[in-house]
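> Next comes the sequence, and after it the predicted model I'd like to discuss.
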Amino acid sequence: MLLLILLLSLISQVECGFIPKKYELSLTTLFDRNDEFNGEATIHVGVTGSVKEFDLKVSKDLNVQKVTFTQGNTVQRGRANSIIQPTQIKMNEKENKVHATLLSAITPESIKEEGFITVEYKGKIGKKDAKKGLYFSSNNADLETDLKNGNAIYLFPILEDVAAPLTLSVIAPYRTGVETNLKDGEHKSFAGSPSSLFSNNFNSGNEKMKISDLKLKINAPRALILQSS
């Protein structure tokens, strides 16, 4: 009887967890001398069982600054009535993981209307042709990524690399070019600071995509050259 109870407990623990339902990814680069970028990953999730702790796969090379969980189980005036939970985070550099502990457990009922993880982080742009994270191209000006073969965690924190609807925003100076295999979206002035930046937005439409299948190149801003007649 005791063995059966232990087995049922183990099965219950295995089945409890977050399931990625949508990714919203954002990268900000200024193309300045600091060679840095800011990132924000929002992972909309479903949940099985009750979850109070979870792991994010993320390279030790990224500086994870904050992890929060937004939950809502009721609707008020057409919008989810949401609560934002902070988390305690601990980096496991050996395994390239961040362990996050919530103040209270997440259940299917608590995220009936919405539930998502938000990760704010910073990173350094890699040297020419580094092939990991966000790195300089062979011309030492443009930026590239290679997210295959486990490299996704060098640019984005992830739960699991499973296919889901995906959006990407690249926030950069005016006349920055962005190449990606996502569908083109809107391009508009950045609402934050500095206001001189532009937000280049893309999405996967009705298709689901793994983060590792995302292709991205950010071309450095080019000066507009007017030809005389």
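Happy to help now that I have it.

> Quick one: the strands in this protein, in order.
Using DSSP state E, the strands of the chain run over 17-29, 36-48, 51-57, 63-76, 79-92, 97-106, 114-124, 134-136, 143-145, 166-173, 177-180, 183-189, 197-203, 216-219.

> Just name the most buried of the ones you listed.
Of the strands of the chain, the one with the most neighbours on average (mean count of other CB atoms under 10 Å) is strand 143-145, at a mean of 23. To be clear about C-beta, it is placed using only N, CA and C from the backbone, and glycine gets the same treatment.

> Return the list of strands paired to it, each annotated with direction.
strand 134-136 (antiparallel), strand 216-219 (antiparallel) (DSSP bridges).

> How about residues contacting the last one?
Read that as strand 216-219. Strand 216-219 has contacts (CB atoms under 8 Å, 6 or more residues apart in numbering) with 27, 29, 134, 137, 142-145, 147, 168, 170, 172, 176-180.

> could you redo the strands paired with strand 143-145 as a markdown table and give each row distance to residue 46 and mean pLDDT?
Listed next are the strands paired with strand 143-145 as a markdown table, based on distance: least, CB to CB, whole Å; pLDDT from 0 to 100:
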| stretch | distance to residue 46 | mean pLDDT |
| --- | --- | --- |
| strand 134-136 | 30 | 96 |
| strand 216-219 | 27 | 97 |
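
> Let me have those in CSV, extended by distance to residue 118.
Below are the strands paired with strand 143-145 laid out as CSV (distance: least, CB to CB, whole Å):
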stretch, distance to residue 118
strand 134-136, 20
strand 216-219, 21
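
> Out of these, the one nearest residue 44 is which?
strand 216-219 (20.7 Å; CB to CB).

> What is the distance between that closest one and the centre of its chain?
17 Å (CA atoms, centre = their mean, to the nearest Å).

> hey, C-alpha coordinates of it in PDB?
Extracted as PDB, the C-alpha positions of strand 216-219 are listed here (Å, rounded to 0.1, in the frame of the first residue of the first chain):
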ATOM      1  CA  LEU A 216      17.100  36.300 -37.400                       C
ATOM      2  CA  LYS A 217      19.600  38.800 -38.800                       C
ATOM      3  CA  ILE A 218      19.700  42.400 -37.700                       C
ATOM      4  CA  ASN A 219      21.400  44.700 -40.100                       C
END
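
> Begin at 3 from now on, thanks
Done: numbering now begins at 3, and the last item shifts to strand 218-221.

> got JSON lines for the strands of the chain, with distance to residue 211 too?
Formatted as JSON lines, the strands of the chain follow (distance: least, CB to CB, whole Å):
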{"stretch": "strand 19-31", "distance to residue 211": "8"}
{"stretch": "strand 38-50", "distance to residue 211": "14"}
{"stretch": "strand 53-59", "distance to residue 211": "17"}
{"stretch": "strand 65-78", "distance to residue 211": "23"}
{"stretch": "strand 81-94", "distance to residue 211": "25"}
{"stretch": "strand 99-108", "distance to residue 211": "23"}
{"stretch": "strand 116-126", "distance to residue 211": "18"}
{"stretch": "strand 136-138", "distance to residue 211": "18"}
{"stretch": "strand 145-147", "distance to residue 211": "14"}
{"stretch": "strand 168-175", "distance to residue 211": "5"}
{"stretch": "strand 179-182", "distance to residue 211": "11"}
{"stretch": "strand 185-191", "distance to residue 211": "11"}
{"stretch": "strand 199-205", "distance to residue 211": "10"}
{"stretch": "strand 218-221", "distance to residue 211": "12"}
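
> Show me the one of those that comes nearest residue 212.
The nearest among the strands of the chain, by CB to CB, is strand 168-175 at 8.5 Å.

> Ignoring the adjacent residues along the chain, who's closest to the most centrally placed residue in the chain?
For the chain, residue 43 is the residue whose C-alpha lies nearest the centre (CA atoms, centre = their mean; 2.5 Å). Once flanking residues are discounted, residue 43 sits nearest to residue 121: 4.6 Å by CB to CB, 6 or more residues apart in numbering.
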